[in-house]
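**Student:** my questions concern the predicted model and sequence given below.
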Amino acid sequence: MKFAIVFVALFAFALAAPLGEEAQIVRYDSDNDGLGGYSFNFETSDGVARQEQGHVENAGTDYETLKVSGSFQYYGDDGQLYQVQYIADENGFQPQGAHLPVA
């Protein structure tokens with residue numbers, strides 16, 4: 001459930017674009033192995049890009065976990081390119097980026 005919420009929020013954030021010219025998808029690839037493993041990546045004409053891969057560990061046990069890693073980038077209103085790498089696993093969503101605060 002947590003993964004779905006994070007995924008939807010990140011996807012909506014990555015696709016959000018200022019009003020005006022509509023971005024076009026210039027690349028899109030996806031794969032699903034049917035066993036819980038997947039990967040995808042896309043890039044749009046306005047510089048938004050995202051790639052992600054995930055797989056299930058300990059399938060069918062009480063310790064079943066979806067492990068996800070990926071990255072996304074976008075241009076902010078200030079014209080800067082922002083890039084974020086992340087993992088999401090039993091320890092939650094863990095983003096890293098030069099513009100993000102570090103605990």
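**Tutor:** Looks like it came in fine.

**Student:** report the buried residues of the lengthiest strand in the chain.
**Tutor:** Longest strand of the chain, by residue count under DSSP state E: strand 65-75. The neighbour-count check on strand 65-75 (16 or more other C-beta atoms under 10 Å) flags 66, 68-74 as buried. Backbone N, C-alpha and C define where each C-beta goes, glycine included.

**Student:** where does this structure have low pLDDT?
**Tutor:** Scanning the chain with the threshold set as pLDDT under 70 gives 1-20.

**Student:** if we can go back for a sec, chain center to the longest strand of the chain, what's the gap?
**Tutor:** The chain centroid and the centroid of strand 65-75 are separated by 3 Å under C-alpha atoms, centre = their mean, to the nearest Å.

**Student:** what are the contacting residues of the following helix or strand past it?
**Tutor:** Next along the chain after strand 65-75, taking DSSP states H and E as the criterion, comes strand 81-89. Strand 81-89 is contacted from outside by 2-3, 6, 47, 65-76, 93-100, using C-beta atoms under 8 Å, 6 or more residues apart in numbering.

**Student:** and the closest residue to D29 other than its chain neighbours, how many neighbours?
**Tutor:** Of all residues not flanking D29 in the chain, N41 sits nearest, at 5.4 Å (C-beta to C-beta, 6 or more residues apart in numbering). Using other C-beta atoms under 10 Å, N41 has 17 neighbouring residues.

**Student:** distance of N41 from E64?
**Tutor:** 25 Å (C-beta to C-beta, to the nearest Å).

**Student:** ok, A49 next?
**Tutor:** Look at A49 and E64: by C-beta to C-beta, they are 30 Å apart.
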